[in-house]
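Chemist: quick one: sequence plus predicted model below, questions after.
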Amino acid sequence: MSEEKGLIYRISGPVVTAVGITPRMYEVVRVGDEGLMGEVIELHGDQSVIQVYEETSGIKPGEPVVRTGQTLSVQLGPGLLTQIYDGIQRPLEDLEETMGAFITRGVDADGLDLKKKWEFNATASKGDEVNAGHVIGTVQETETIEHRVMVPPGKSGTIKSIKSGKFDVTQTVCTLDDGTEIAMMQEWPVRTPRPFVRKYAPDVPLITGQRILDFLFPLAKGGTAGIPGPFGSGKTVTQQQLAKWSDAQIVVYIGCGERGNEMTEVLTEFPHLIDPHTGKPLMNRTTMIANTSNMPVAAREASVYTGITIAEYFRDMGYDVALMADSTSRWAEAMREISSRLEEMPGEEGYPAYLSSRLAEFYERAGRVQTLAGDDGSVSVIGAVSPPGGDISEPVSQGTLRIVKVFWGLDAGLARQRHFPAINWLSSYSLYPQALDQWYRDNIASDFPEIRTEISALLQVEAELQEIVQLVGSDALPIDQQLTLEVARMIREFFLQQNAFHDVDTYSNLKLQYTMARAILAFQDEAKKAIAGGADLESVVNVQARTDIMRGRFEEGYEDRIEKLVKEMGKQISATMEEN
Amino acid sequence: MSGKEYRTITDVKGPLVFLNKTEPVAYGEIVQLRLSDGTMKNGQVLDTSDDQVIVQVFEGTSSVDRQTGVKFLGDVFRLPVSKDLVGRILDGAGRPRDGGPAIVPDEMADIIGAAINPYSRESPESFIQTGISAIDACTSLVRGQKLPIFSAAGLPHNDIALQIARQAKLVGSDDDFVVVFCAMGITAEEYNFFVHDLERTGALENSALFVNLADDPAVERLITPRLALTAAEYLAFEHDYHVLVIYTDMTNYCESLRQIGAAREEVPGRRGYPGYMYTDLAMLYERAGLVKGKKGSITQFPILTMPGDDITHPIPDLSGYITEGQIVISRELHQKGIYPPINVLPSLSRLMNAGIGDGKTREDHKSVSDQLYAAYAQGKELRGLVAIVGEDALNERDLQLLKFADIFENEFLRQSRDEDRSIGEGTLDLAWNLLTNIDTKYLVRLDQKWIDKYHPTEKKE
Ligand SMILES: Nc1ncnc2c1ncn2[C@@H]1O[C@H](COP(=O)(O)OP(=O)(O)O)[C@@H](O)[C@H]1O
Ligand SMILES: [Mg+2]
């Protein structure tokens, strides 16, 4: 049956209609004389509608279409990390080898290197009762990541034989009583979520080292976040910062319909960046999917599924995985483009009516779970959204905001002032703080949540005062309110702004974030006292130690100096009282 | 080449011709139409099936009738490429327009072009000095970047593009750029302006021009930039040239795209433009860059005029999402008589960080540029406030910033059309001089070490 053959009836861009075959929905077929890979996305009378993952020009009606019997799947096993794939898990390095620098078509490539031998260490033994998801052995995949070889979903039994040694990913390393052979590689259909036992409510933060994110709008491990923003506002930089610095053990980075150069940048930069948590190159924990804007749209549609399936696979090993998709809007547009070729009834702004359910299904694959093996694993999903004209009333933004628990709203106005990250502190939100507060109290400082509340309250008050300033100017405000404006300015310029391209400023650990926030509040307290004692605001604001605190954050060893500087600031501010 | 000529046109709609009863025709195949009076037209297959073929006709469908003969040429659209393209002027479909001979091809290149494998790209990071302070300091350009000019009707975007083409150079290298110029629906007058300037400076011999003017077929505009980029790729990646592609006006290109979409009765995306316009534009813009192991490069300067000066219009919006930044021309500055009227605030170069700093431009570049932005942005915002409350309500800091905004526009942005400022002494030192108008305690974006080293009155030597 898998050799069933039909003919092309029609070609319209990436969509091809075939007759003479009776495939299943989402079955992979081979299209045309060159055998281009495609996936069945609609059945219509005797016609099968196929989205083709490669360029279709030059293909003619009458050319063959062949069934494969498979659904679109990825190969999972050692060798995923440090790889960069296209949307259908073809390693871009292999494509370069066979095609050169420009991507032509008609070439297959395995997601995993099937010839490479890995050192497999059996951790289960003969006679062990194993179920799906149980770890039977390990492979040191990269310097920092141990790959845990699991019994594939749907299989279980008693181990008849298992052996350590050097194997390639297709060789049998373990045999069960009933004759089931287990290799290091398993395959999984990308459109189906991988199984787990249960979902937990997330209660541990995903620490990113980005002050505004960690401190004001934290994401939990296993949580979901959306970053909408107009072009140039910082979606990609933010995603890359998360890929670099977040304390996930595995990172899956999907460049979905965006620039080629951005992927090249990640590829050239990551091997040289040191993971602050392991001291080893970041590349060791990273898998990339790059289906750039000029690569076939059908493969762009598939890319997010390829990525999330790989993420779930590492989750199943008990890892905390963070997945970034930049940009989910391009994925949605790929859906729209295919849908319009199918002449489906369009919903809002031409997107298919199923847009919001697809978005929901995707984000639903995030979560902190109990794995089949009984461990704890998580997938956190962070999706960039690119609303046309920056207006988030459009369907993709709205569909995303209904699902995600964290909204990091990027603001063109802030980007224009080079206030980066240009995350609007008034409109953004996180629904996680309540669940995470205990963690902060236990691990950072017992008053961490209270300090956060004070800082956000000051920003709120500033926004209200600014409205008045717009009418009368700041000099017309009473002195205590002028001070509040200065404190808020300090929060913005010293704390919220963070330069991703500065070696030191790019990452702040939570303890330091907390200390910096305390420094701001200390300034406020001292300044209040001094002003009550007759000091003038100008002199209080301009004490040298405060400037040193603010500029110092760009310098190595700041963490060790800041407490002392705060004390010094206190002294200098008190001294301003005497001047008067 | 299959020779069969069909006379089976059933429908003609806008630029599209529908015909049936053909033998299998390939998707994307090129087509020749012969009208009853012998006129020839060209087209391309947009949709093909056993029953019906849809052809888009580049020259438009006027005079096409059911008797028109349609021949499928058995191949996709190709451009004859050779080194001899340099110094030539071709029309929007790639035929000589300068009275010269046909190009003797070295190769027939598919104009759609294949995507550069992201794994095979090399990161652009060589600073190009344009001699224009606003660009060099604040939106630095690097070789291999795609940096569009967002302009609007009546603004001097052409002067700026030409000034860049004239002055662009890699500091410390004498590699020259070859210019590939692509006109899409611009007026003859604008075109002449470009050609005269290229002639005047002797650059014409070092240029290849692809020209579709306002009175040339609108649908042809969909292939003109593809021809230009095919030529650029050939020159860059087969012959090691550094190519600067200037194409104008992307807005006309997008209008043609919309026209085809409407004729096909497609579900339109925002404001009537096709839902696939993002992908379509990306297929052009992404043909910029550097490729591992190749010496040449493609740097793109698309020019687009924003309808109604609206940066959220789909054409600038989708472009901005794809390109590596944008240079925004401001009507307000133009009306103040400032040339080049570049509004640096919404302008951006995403590749700037890779191209500047120690060993590339100067160690203080990033710091200075951040400070200029911040000060100018705040000063400009204060103008609005002053209009309401007057200068009296401002504190010392605000007053200085307010004044700085004017100084920045008049002394930093403003320069003449042939003024070529070097990045160090010409641009960054000028910036430092102007920043002395603000107390250093307010210059929070400047690293102390740069103040100590470069501040004209506070440096420690
Ligand atoms: N955290 C940051 N620190 C410094 N610069 C930033 C930061 N975020 C964004 N930028 C600046 O903004 C530009 C655009 O950011 P990018 O992430 O590419 O935008 P988007 O993906 O939203 O189009 C970057 O090239 C960089 O110059
Ligand atoms: Mg981006």
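Modeler: Great, that's in hand. Ligands and ions are numbered 1, 2, ... in the order given.
Chemist: what ranges does the stretch 251-400 of chain A have for its strands?
Modeler: Applying DSSP state E, counting those that start in this stretch to the stretch 251-400 of chain A gives strands spanning A:286-291, A:320-326, A:367-370, A:376-385.
Chemist: may I see the ones you listed arranged in a markdown table, with distance to B:Ile89 and mean neighbour count as well?
Modeler: (C-beta placed from N, C-alpha, C; glycine too.) Shown next, in a markdown table, are the strands of the stretch 251-400 of chain A (distance: least, CB to CB, whole Å; neighbours: other CB atoms under 10 Å in any protein chain shown):
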| stretch | distance to B:Ile89 | mean neighbour count |
| --- | --- | --- |
| strand A:286-291 | 38 | 28 |
| strand A:320-326 | 41 | 27 |
| strand A:367-370 | 61 | 21 |
| strand A:376-385 | 43 | 27 |
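Chemist: could you dump those to TSV with mean pLDDT?
Modeler: Formatted as TSV, the strands of the stretch 251-400 of chain A follow (pLDDT from 0 to 100):
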stretch	mean pLDDT
strand A:286-291	95
strand A:320-326	97
strand A:367-370	97
strand A:376-385	97
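Chemist: and chain B, which of the ones you listed is closest to it?
Modeler: Closest to chain B of the strands of the stretch 251-400 of chain A, according to CB to the nearest CB: strand A:286-291, at 4.5 Å.
Chemist: orientation of that closest one relative to strand A:320-326 in degrees?
Modeler: Following axes from the mean of the first three to the mean of the last three CA atoms, to 10 degrees, one obtains 20 degrees for the angle between strand A:286-291 and strand A:320-326.
Chemist: adjacent strands (with direction) for strand A:286-291?
Modeler: strand A:84-85 (parallel), strand A:250-256 (parallel) (DSSP bridges).
Chemist: just to revisit the earlier point, and the strands of the stretch 251-400 of chain A as JSON lines, adding distance to ligand 1?
Modeler: JSON lines is the format used below for those (distance: least, CB to the nearest ligand atom, whole Å):
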{"stretch": "strand A:286-291", "distance to ligand 1": "15"}
{"stretch": "strand A:320-326", "distance to ligand 1": "7"}
{"stretch": "strand A:367-370", "distance to ligand 1": "26"}
{"stretch": "strand A:376-385", "distance to ligand 1": "7"}
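Chemist: columns distance to B:Trp450 on top of those, output as JSON lines?
Modeler: What follows is the strands of the stretch 251-400 of chain A, written out as JSON lines (distance: least, CB to CB, whole Å):
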{"stretch": "strand A:286-291", "distance to B:Trp450": "34"}
{"stretch": "strand A:320-326", "distance to B:Trp450": "33"}
{"stretch": "strand A:367-370", "distance to B:Trp450": "46"}
{"stretch": "strand A:376-385", "distance to B:Trp450": "33"}
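Chemist: what's the mean pLDDT across stretch A:298-305?
Modeler: Mean pLDDT, computed over stretch A:298-305, is 94.
Chemist: hang on, I meant stretch B:438-447
Modeler: Stretch B:438-447 comes out at a mean pLDDT of 88.
Chemist: what residues does that stretch touch?
Modeler: A:493, A:542, A:547, A:550-551, A:554, B:364, B:367-368, B:370-371, B:374-375, B:396-397, B:400-401, B:404, B:435, B:451, B:455, B:458 (CB atoms under 8 Å, 6 or more residues apart in numbering or on different chains).
Chemist: checking residue 55 next. Helix, strand or coil?
Modeler: Reading this off chain A. Here A:Glu55 takes the coil state, with states given by DSSP: H, G, I helix; E, B strand; the rest coil.
Chemist: that's the wrong chain, I meant chain B
Modeler: Look at B:Val55: counting by three-state DSSP, its state is strand.
Chemist: repeat for B:Ile388
Modeler: State at B:Ile388, reduced to three classes by three-state DSSP: helix.
Chemist: could you measure from it over to B:Leu402?
Modeler: From B:Ile388 across to B:Leu402, the span is 13 Å (CB to CB, to the nearest Å).
Chemist: what does B:Pro341 give?
Modeler: 20 Å.
Chemist: any idea of the pLDDT on whichever residue of the stretch 201-350 of chain A sits closest to chain B?
Modeler: In the stretch 201-350 of chain A, the residue found nearest to chain B is A:Ser293; the distance is 3.4 Å by CB to the nearest CB. pLDDT for A:Ser293: 94.
Chemist: now do the phi/psi pair for the residue in the stretch 451-580 of chain A positioned nearest to chain B.
Modeler: Residue of the stretch 451-580 of chain A nearest chain B, by CB to the nearest CB: A:Gly473 (2.5 Å). Taking degrees, to the nearest 10, you get phi 90, psi 160 for the backbone angles of A:Gly473.
Chemist: if I pick it, what's in contact with it?
Modeler: Neighbour list for A:Gly473: B:385, B:389-390, B:392-394 [criterion: CB under 8 Å, 6+ apart].
Chemist: cool, and A:Val385?
Modeler: A:Val385 touches A:226-229, A:235, A:327-329, A:392, A:396-397, A:400, counting by CB under 8 Å, 6+ apart.
Chemist: A:Glu526 too?
Modeler: When contacts are counted by CB under 8 Å, 6+ apart, A:Glu526 touches A:540, A:569-570, A:573-574.
Chemist: and if we set it to 10 Å?
Modeler: By CB atoms under 10 Å, 6 or more residues apart in numbering or on different chains, the contact set of A:Glu526 is A:535, A:540, A:543, A:546, A:566, A:569-574, A:576.
Chemist: after the helix or strand that it is a member of, next one along is what?
Modeler: According to DSSP states H and E, A:Glu526 maps onto helix A:510-532. Remark: after helix A:510-532, the chain's next helix or strand is helix A:537-541, criterion DSSP H and E.
Chemist: pick out the residue in chain B sitting closest to ligand 2.
Modeler: The nearest approach of chain B to ligand 2 comes at B:Tyr321, 7.4 Å away (CB to the ion).
Chemist: and A:Ser428, how far from ligand 1?
Modeler: To ligand 1, A:Ser428 is 14 Å away according to CB to the nearest ligand atom, to the nearest Å.
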